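Asks: Please work out how this folds:
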Amino acid sequence: MMNNLFLIRPSKVLEREIWEYRQEYFDFGETQVNGSCGLAYHDNFDEWLNLVLSIEKDKLRNNVHTSTFFSIRKEDNKIIGSVKLHHLLTPDLENGAHIAYGIRPSERKKGYGKQQLLLVLDVARDMKIPKVMIACGKDNIASAKTALSCSGILTSEKIYEGAVHQHYWIDLRK
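Replies: Model prediction:
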């Protein structure tokens, strides 16, 4: 499959596109924007952007640096998804995993989830992260299929906040 996406870090230049991306989730009745470092919970773009940039560089959340990206479709520069990568996994994050991702509702079921995950796995490899964990609700079939399509191995199921969550590991040393 040809990858027609690229990853970009959020910036002020993308404010209008990021807000449109966020709004689409709300328009589809969703209350969170997976992989966006809490975009749905912020009404002020600059505050959200400052948080995202500081968590990556110097301000730790849960004692971990986190990089946030948006996947952009090359042909029209449309934001297709969001993905965040925790640089390491701590006990506080064992239910949240290394990677969280989402695809905008109107672009789902088109193969973009796998493309986006493969791109962030390259980022993780460049950071010398040996393996990453992805967690998803057992009922989130699309996320599970995405993890499996990128060599994810289901290693456990745990109840977290009243729901069964599956944990997939991807070895990046191969």
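Asks: residues in contact with stretch 32-49?
Replies: Outside stretch 32-49, the residues that touch it by Cβ atoms under 8 Å, 6 or more residues apart in numbering are 10-12, 15, 18-19, 21-22, 25-26, 31, 51-52, 55, 66, 68, 81-84, 99-102. C-beta here means a position set from N, CA and C on the backbone, and glycine is covered the same way.
Asks: Can you flag the buried ones in these?
Replies: Burial of the contacts of stretch 32-49 was assessed by neighbour count (16 or more other Cβ atoms under 10 Å); the buried members are 10, 18, 21-22, 25, 51-52, 55, 66, 68, 81-84, 99-102.
Asks: Direction included, what does the strand or helix carrying T68 pair up with?
Replies: In this assignment (DSSP states H and E), T68 forms part of strand 66-73. Strand 66-73 has its sheet partners listed here by DSSP bridges as strand 5-8 (antiparallel), strand 79-86 (antiparallel).
Asks: What average pLDDT does it get?
Replies: Averaged over strand 66-73, pLDDT sits at 97.
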